[in-house]
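>>> Generate coordinates for the sequence data below:
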Amino acid sequence: MTVLILGGTGEAVALDQHLADQAPEIRAVVSLAGHTSDPRPLNLPVRVGGFGGIAGLRRYLVEEGVVAVIDATHPFAAIMPFHAQAACTAENVPLLAIRRQPWRAGAGDDWRCVADMDAAVAALGSEPRRVFLTVGRLELPAFADAPRHHYLVRVIEPIGDRLPLHDVTVIQQRGPFHPDDEEALMRRERVELLVTKNSGGDATVGKLVAARRLGLPVIMVERPAKPDVESVGHVDQVLPWLVAQGLFVTERGV
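Numbering: from 1, shown residues only. Take a look at the predicted model:
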C-alpha cells in the first residue's frame, strides 16, 4: 500500500522528513513535476514528471496500489490539484490537501493585488521603473511585453531566454531569505517596486517585510482557484489523517 505525495513545496519536503522520522513503516512516494532540475534531497522514493492527465494518474493509482494521495503542490499549481481530485474521486482514493495560508497585508504595507501575471505587467505602469521580480522563471515571459523597465529577477533555475530583454539582472538563490538581507539587496539594487505571488509561508516573507520597511509598493498576484477537497494547514496533521482513514496503524500508535 502506497501513499502518493504530490510535491513541489517546502511542505512536501517537511512531510517527507516527518514520515521518515515518525512512520518509516509507511511506504510513500513523492511525485515532482520536474520544473526544478536540482530539487532538495528527499528521504522517500521520488518520481519525476507528469502522469499523462487524469487518465494517466488514475492508472498510476491502480497500478501502484495507492491508498491515499497528499496534495502538497505549490499554491500556484493550477492543474494538478484538479486532476488529483478527479482521479481520486474516480478510483475512490482518499485525498488530503496541505493548504498554506496566504500572506495578508498589514499596517504599513502598500499592496496592489492582481489576478494574474498579465494584470501584474499592466500594473507596472508606463514610466520606467526598477522592478524586483520574484515570480518564478515560468512566469517571466509575460514581462517581455513591458521592456521599458529594469528587472531584477531572482530564481532557483537559470532563466534561459524566458525574458529576452537587455536590462535584466538575474540572481540565482534558494530561500529562506532574511528580512535584513532582503532590505540590503533592495537598497543596493535601488528597487522601486516588488512583484511577487501570494505563495504564503515563512521562507520568502522577508521580501515583504523589507518592502514595508522601505515603503515600496508590492504588486501581489493572487492564487488560482483550488478544488474543494479536505485540507489541513500543517504537515503534522497528515499522519493522524492517514490513521483516521483506517489505512495504517503506526509503530508509535499515532
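>>> which SS class is the residue nearest in space to the middle of the chain?
The centroid of the chain falls nearest to H74 when counting by Cα atoms, centre = their mean (2.9 Å). What DSSP: H, G, I helix; E, B strand; the rest coil gives for H74 is coil.
>>> excluding its backbone neighbours, what's nearest it?
Leaving aside its sequence neighbours, H74 sits nearest to G8 (Cβ to Cβ, 6 or more residues apart in numbering; 4.5 Å). All C-beta spots, glycine's among them, are computed from the backbone N, C-alpha and C.
>>> Give me the pLDDT for that neighbour.
Note on G8: pLDDT of 76.
>>> picking up where we left off before, test my guess that the residue nearest to the centre of the chain contacts N198.
No: between H74 and N198 there is no contact under Cβ atoms under 8 Å: 11.6 Å.
>>> All the helices of the stretch 51-200 of the chain, in order from the start?
53-63, 80-91, 117-123, 179-188 (DSSP state H, counting those that start in this stretch).
>>> possible to save those helices as a markdown table with distance to R27, mean pLDDT and mean neighbour count?
Formatted as a markdown table, the helices of the stretch 51-200 of the chain follow (distance: least, Cβ to Cβ, whole Å; pLDDT from 0 to 100; neighbours: other Cβ atoms under 10 Å):
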| stretch | distance to R27 | mean pLDDT | mean neighbour count |
| --- | --- | --- | --- |
| helix 53-63 | 14 | 96 | 16 |
| helix 80-91 | 18 | 97 | 19 |
| helix 117-123 | 39 | 97 | 17 |
| helix 179-188 | 40 | 98 | 16 |
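>>> what's the closest of the ones you listed to V238?
Judged by Cβ to Cβ, the one of the helices of the stretch 51-200 of the chain that comes nearest to V238 is helix 80-91, at 14.8 Å.
>>> Need the residues that contact that closest one.
6, 33, 51, 53-54, 57-58, 61-62, 69, 71, 73, 93-95, 97, 226-227, 229 (Cβ atoms under 8 Å, 6 or more residues apart in numbering).
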